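>>> Compute the structure for the input listed below.
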Amino acid sequence: MTSTADILAYIPSPPQGVWTIGPVPLRAYALFIIAGIVVAAVWGDRRWVARGGEKGTVLDVAIWAVPFGLIGGRLYHVLTDWSTYFGEGGHPADALKIWQGGLGIWGAVLLGGVGAWIGCRQKGVPLPALGDAVAPAILLAQAIGRIGNYFNQELYGRETTVPWGLEIFERVDSAGRLDQLAGTSTGVVEKVVHPTFLYELVWNLLIVVLLVWVDRRYRIGHGRLFALYVAGYCAGRFFVELLRDDYATHIAGIRINVFTSVIVFIGAVIYFLAAKKGREDPAELQPKHPREAPAVAGSRAGGSTEAGGSATETGSDTAESGGTDAGKTDN
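Prediction:
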């Protein structure tokens, strides 16, 4: 007798997530992470320019933010899944194998923010304003990265019989040993589960659309759009975590990421409500390069040799000098 589960059109997992070209392994997870970073940097920079900033600023800041973010994401994953790497039967060296998956978004945003702060300090631009420009782009990058989880057969939920359930295949390596990450599917379905990676991907895209609409409709700034991104993501992640039953660190029987979602959500909402309303003036977004200060000082020093130079004339000279410098910067 054919059961309902036999006739449902389940979503199949990819047969593999790693391909070898000569001695080089080509990993889908890494490719989608890289693609997300590129999309975030390019779209984020365009949004920054549209808000009045200088072209290339986001790319310059990304040089700091991306490596910090990757390290932060990995640290969060390892710290909240400590026993996998340092517990009984664990392999500490695996904690460094970022290509095997395992990036905690909260750690990535936190430490990536530190890197962005360094980059913004060097460029002389306000971090909150830049955060608002890149917020939708970062969330779109996260959605793209979730496709990598699909190829890795990870970030899925409990077993289910819903029509959109995800088939998890048994994978083996060339020697016939089980290898769910780098192996190839045998065609044997181990289980059918909730595709929580897909739920999160769709939720992220919906929040991206919401952020763009809110930004255009209300023209918010001073880091409030970034806070809205964080709150929106956490709200969705909270419910995704409730559907998962894979191994994770628990506190009082609750997955640690549930606690993190709630705490970060509350912090983001508080910031959104307390931060300054409105949007920054475009002039505030222009880089304030350290080299400009000596030039202005030199101009004023030179003006002091003129007898009877008024304060108004000096201010005018300084303004004209600043305008010339700004023109050079734009070029």
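>>> Now tell me what touches stretch 127-135 from outside.
Residues from elsewhere that reach stretch 127-135, judged by CB atoms under 8 Å, 6 or more residues apart in numbering: 40, 44, 47-48, 51, 53, 57-58, 61, 113, 116-117, 120, 211, 215, 220-226, 228-229, 275, 280, 284-285. Heads up, the C-betas are built off the backbone N, CA and C, glycines and all.
>>> Same question for stretch 222-229.
Residues outside stretch 222-229 that contact it (CB under 8 Å, 6+ apart) are 127-129, 131-132, 134-136, 138-139, 207, 211, 214-215, 220, 268-269, 271-272, 275-280.
>>> about what we covered before: buried ones among the contacts of stretch 127-135?
Buried members of the contacts of stretch 127-135, scored by 16 or more other CB atoms under 10 Å, are 40, 44, 47-48, 51, 53, 57-58, 61, 113, 116-117, 120, 211, 215, 220-226, 228-229, 280, 285.
>>> which ones are touching Gly56?
Asp45.
>>> so what's it scoring on pLDDT?
Listed pLDDT for Gly56 reads 96.
>>> Could you do the one 4 residues further on as well?
According to the model's per-residue confidence, Asp60 sits at a pLDDT of 96.
>>> Could you do Ala248 as well?
Listed pLDDT for Ala248 reads 76.
>>> measure it to Gly107 for me?
Using CB to CB, to the nearest Å, one gets 15 Å for the distance from Ala248 to Gly107.
>>> more neighbours, these two?
Neighbour totals were compared for Ala248 and Gly107, and Gly107 leads with 22 against 15 (other CB atoms under 10 Å).
>>> My read is that the more buried one contacts Leu70, right?
No - counting by CB atoms under 8 Å, Gly107 stays clear of Leu70, with 9.6 Å between them.
>>> ranges for the helices of this protein?
For the chain, applying DSSP state H gives helices covering 4-7, 28-50, 57-80, 82-86, 105-123, 127-152, 196-218, 224-243, 256-274, 292-303, 311-330.
>>> Go through the ones you listed and pick out the most buried.
Greatest average neighbour count among those goes to helix 127-152 (a mean of 24), per mean count of other CB atoms under 10 Å.
>>> What is the distance between stretch 108-128 and the centre of its chain?
Chain-centre distance of stretch 108-128: 13 Å, with CA atoms, centre = their mean, to the nearest Å.
>>> now it: mean pLDDT?
pLDDT averaged over stretch 108-128 gives 95.
>>> One more: stretch 168-179?
On average, stretch 168-179 scores 90.
>>> Centre of the chain to that stretch, how far?
In terms of CA atoms, centre = their mean, the gap separating the centre of stretch 168-179 from the centre of its chain is 32 Å.
>>> now the top strand by length along the chain and helix 224-243, what's the angle there?
Secondary structure of the chain per DSSP state E: the longest strand is strand 184-193. Counting by axes from the mean of the first three to the mean of the last three CA atoms, to 10 degrees, strand 184-193 points 90 degrees away from the direction of helix 224-243.
>>> And strand 184-193, what does it pack against?
strand 166-172 (3 or more CB pairs under 8 Å, 6 or more residues apart in numbering; DSSP states H and E).
>>> Run through who's touching the strand it packs on.
Under CB under 8 Å, 6+ apart, the answer for strand 166-172 is 10-13, 15-16, 153, 156, 178-195, 198.
>>> again, 10 Å this time
The contact list for strand 166-172 (CB atoms under 10 Å, 6 or more residues apart in numbering) reads 10-18, 150, 153-154, 156-157, 159-160, 177-198.
>>> swap in stretch 45-55?
With CB under 10 Å, 6+ apart as the test, stretch 45-55 has contacts from 56-62, 123, 125-126, 129-130, 132-137, 212, 215, 219, 221, 225, 279-287, 326, 329-330.
>>> Trp164: what's it in contact with?
Listed by CB under 10 Å, 6+ apart, the contact set of Trp164 reads Leu8, Ala9, Tyr10, Ile11, His194, Pro195, Leu198, Tyr199.
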